[in-house]
Each structure stands twice: as structure tokens, then as C-alpha cells.
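Predicted model follows, preceded by the sequence.
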Amino acid sequence: MTHPPQGREAASRRWRARLRVTWTLLSIFAVECLVFGLAMLPGALFWEVFSLSSYPFVLVRIIVLSMAFVPAYGLFAFSLTVLSALSTRWLGWRTPANATMSISALEWPLMNWVRYMVSVHIVRLFAGSVFRATPLWTFYIRLNGARLGRGVYINSLAVNDHNLLTFGDRVVIGDGVHLSGHTVEHGVVKTAGVHLGDSVTIGLGSVVGIGVEAGARCQVGALSLVPKFSQLKPDTTYVGSPVRELRPNDERPLNLALPL
């Protein structure tokens, strides 16, 4: 019994999808093992210096090795951010711009996006809690593909799709802000860049959708929702969910908590 051409083509697509998923998982495992292992080297060498030294008492040795843990972990965390960003750049793992990717199809652009997101998540897990809200976190996001101006302050671990982000100078991203270049709708991943002008402030806990453009000195109040593809005017304050422009004679309650 022969299968119709449509059936053979469907089976072929399924096998190709399985091979893509298998290769994606294997490549993630291999690359992250290599990145993780290399990132541990500076910290391990730092620890080894103290481990091989002679101490008059066992208690002194225990105290010194315990105190050496923090700087050793700091070296590991910094190395992880650098090596992870360089590896994704070298391998071309990026979020595709202005893409529409069906999850069920499992095509290569989606697989590259998945690998990019996994790398970001690992850095967020092991280094983000240490470096968040410091220049080192901004340095990592820039190195991982974002185009950031001077004096950018990012106090959030939920900033994703770095290669689709363009921030001007002195942009402030508050605690818990969710800002990314992708959204998932009805089984489809859609992507678009986010552009924030100079001195834009995004208040704590706010959500910024894909394709948003905010003019210079625009302010978004805390716990606000900026819908996708919104155009926010410069020198204007926005609040609410979804955001609305705050006018001088507006007497409704505001939520303009500091974004830090």
C-alpha cells in the first residue's frame, strides 16, 4: 500500500522538525557546557590559590576558603556574562526582527530564538541576581546585542531579546519591568524592536509590548501596560493599563511610584 504524496510530505516535515529540535537541544547542551566550564576557570583558579596555601590551623583554612567564595563566584558570574554573549554573537543565535514564527512548524528561525533565550536565561539565573541594576548588567545586555546609549540603568531581569532593543542615553528601566521584542499569540511567536529615546523612564512592574517607540523624556508610571506598537510622545507622562496620556488637569488617582 502506497502513501499519498500529501502523507509522505507531512511525514517528511515531521521528521525534519524532529531533527531540528534534536540538533537544537544538543547544540544548547554542548555550547552551554563549554561556556559554563570556561566561566568557572577564573573562579576555580582564584579558589585554588587559597586552597593550596599553608595555614597554621584548620579553622583558619576554613575561614579563608569561606571568605574566598564571594570573589570566586563574582569572577565566575562576570566570565559567564562575557562568554555567553560572545558565544551567541559568534554562533548567530539571535531573535529575528519583525518575524512571525509558528511554534508547531519548528523552523530554524524559531530554533535560533530558543537557543538565544536559553543562553539569556542561564546568565539571568546565575549572574543576574548579582549584577542587576549595576553597570555590569547594562554591559552584558549591550554585549548581547542591545544598542544602548550612555548612562542606561536597568533594574530588571525580565528584559529579553536584547538584539531588538534600542535605548537612548540615560534610560531608566525600573524593578520588575517586563520588556522584550517578542510576544506569543495563538501559537505564533511575533517579534519587533523596542525603541526608547533619551531620558525615558519605565516605572517599576510595567509591561512594554513589542514594537513600542517612546520619545525623549517620556515617563511611564509604575504598574502600567504599554500595548504593542504604541507610539509614546516625547516629554509626556503615561499611566494606567493600558497607558493613557496624563494631562495637567487630570484629577484621577495616579501611580507614579519611583522606578528604582
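Arrived safely, thanks for sending. Numbering: from 1, shown residues only.

Low-confidence stretches in the stretch 101-250 of the chain?
The stretch 101-250 of the chain contains residues with pLDDT under 70 at 249-250.

where along it do the helices fall?
Using DSSP state H, counting those that start in this stretch, the helices of the stretch 101-250 of the chain run over 108-123, 129-131, 135-143.

What number of residues are in the vicinity of residue 245?
Here the number of neighbours of residue 245 (other CB atoms under 10 Å) works out to 12. Glycine gets a C-beta too; all of them are placed from N, C-alpha and C.

pretty sure it is touching residue 233, no?
Yes: counting by CB atoms under 8 Å, residue 245 touches residue 233, with 7.4 Å between them.

how close does residue 39 get to residue 70?
16 Å (CB to CB, to the nearest Å).

so who does residue 141 touch?
Applying CB atoms under 8 Å, 6 or more residues apart in numbering, we find residue 141 in contact with 148, 154, 159, 162, 165.

Am I right that the last one is in contact with residue 173?
No: if you go by CB under 8 Å, residue 165 and residue 173 don't touch, sitting 9.9 Å apart.

Residues that sit against both of these two, list them.
159, 179.

Of all the helices of the stretch 101-250 of the chain, which one comes closest to residue 17?
helix 108-123 (9.7 Å; CB to CB).

hmm, back to that, who's more crowded, residue 39 and residue 70?
residue 39 (24 against 10).

so the more buried one, which of the three states?
helix (DSSP: H, G, I helix; E, B strand; the rest coil).

Go through stretch 126-145 and flag the buried ones.
126-128, 130-133, 136-145 (16 or more other CB atoms under 10 Å).

just stretch 20-33 next, same as before
20, 24, 28, 31, 32.

Let me know how buried residue 187 is, in neighbour terms.
10.

roughly how far apart are the closest residue to it other than its chain neighbours and residue 168?
Closest residue to residue 187 apart from its sequence neighbours, by CB to CB, 6 or more residues apart in numbering: residue 103 at 5.1 Å. Taking CB to CB as the measure, residue 103 falls 33 Å from residue 168.

so how many other residues sit close to residue 97?
Neighbours of residue 97 (other CB under 10 Å): 12.

Can you check the pLDDT for it?
As predicted, residue 97 sits at a pLDDT of 95.

sec struct for the spatially closest residue to residue 130 that is not a sequence neighbour, please.
Distance criterion CB to CB, 6+ apart; nearest residue to residue 130, sequence neighbours excluded, is residue 77 at 4.9 Å. Using three-state DSSP, the structure places residue 77 in helix.

Whichever strand or helix holds residue 18 - what's its average pLDDT?
According to DSSP states H and E, residue 18 maps onto helix 5-51. The predicted model gives helix 5-51 an average pLDDT of 90.

which other helices and strands contact it?
Applying 3 or more CB pairs under 8 Å, 6 or more residues apart in numbering; DSSP states H and E, one finds that helix 5-51 contacts helix 58-67, helix 69-91, helix 108-123.

just those helices: most buried one?
helix 108-123 (a mean of 20; mean count of other CB atoms under 10 Å).

ok, and what's touching it?
With CB under 8 Å, 6+ apart as the criterion, helix 108-123 contacts 20-21, 23-24, 27-28, 31-32, 35-36, 80-81, 84-85, 87-88, 91-96, 99, 101-103, 140, 144, 160-163, 182, 189, 191.

repeat that with 6 Å
For helix 108-123, contacts defined as CB atoms under 6 Å, 6 or more residues apart in numbering pick out 20, 24, 28, 80-81, 84, 88, 93-96, 99, 101.

Make JSON lines out of those residues and add distance to residue 55.
Formatted as JSON lines, the contacts of helix 108-123 follow (distance: CB to CB, whole Å):
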{"residue": "20", "distance to residue 55": "54"}
{"residue": "24", "distance to residue 55": "48"}
{"residue": "28", "distance to residue 55": "42"}
{"residue": "80", "distance to residue 55": "30"}
{"residue": "81", "distance to residue 55": "33"}
{"residue": "84", "distance to residue 55": "36"}
{"residue": "88", "distance to residue 55": "42"}
{"residue": "93", "distance to residue 55": "45"}
{"residue": "94", "distance to residue 55": "49"}
{"residue": "95", "distance to residue 55": "50"}
{"residue": "96", "distance to residue 55": "55"}
{"residue": "99", "distance to residue 55": "58"}
{"residue": "101", "distance to residue 55": "57"}
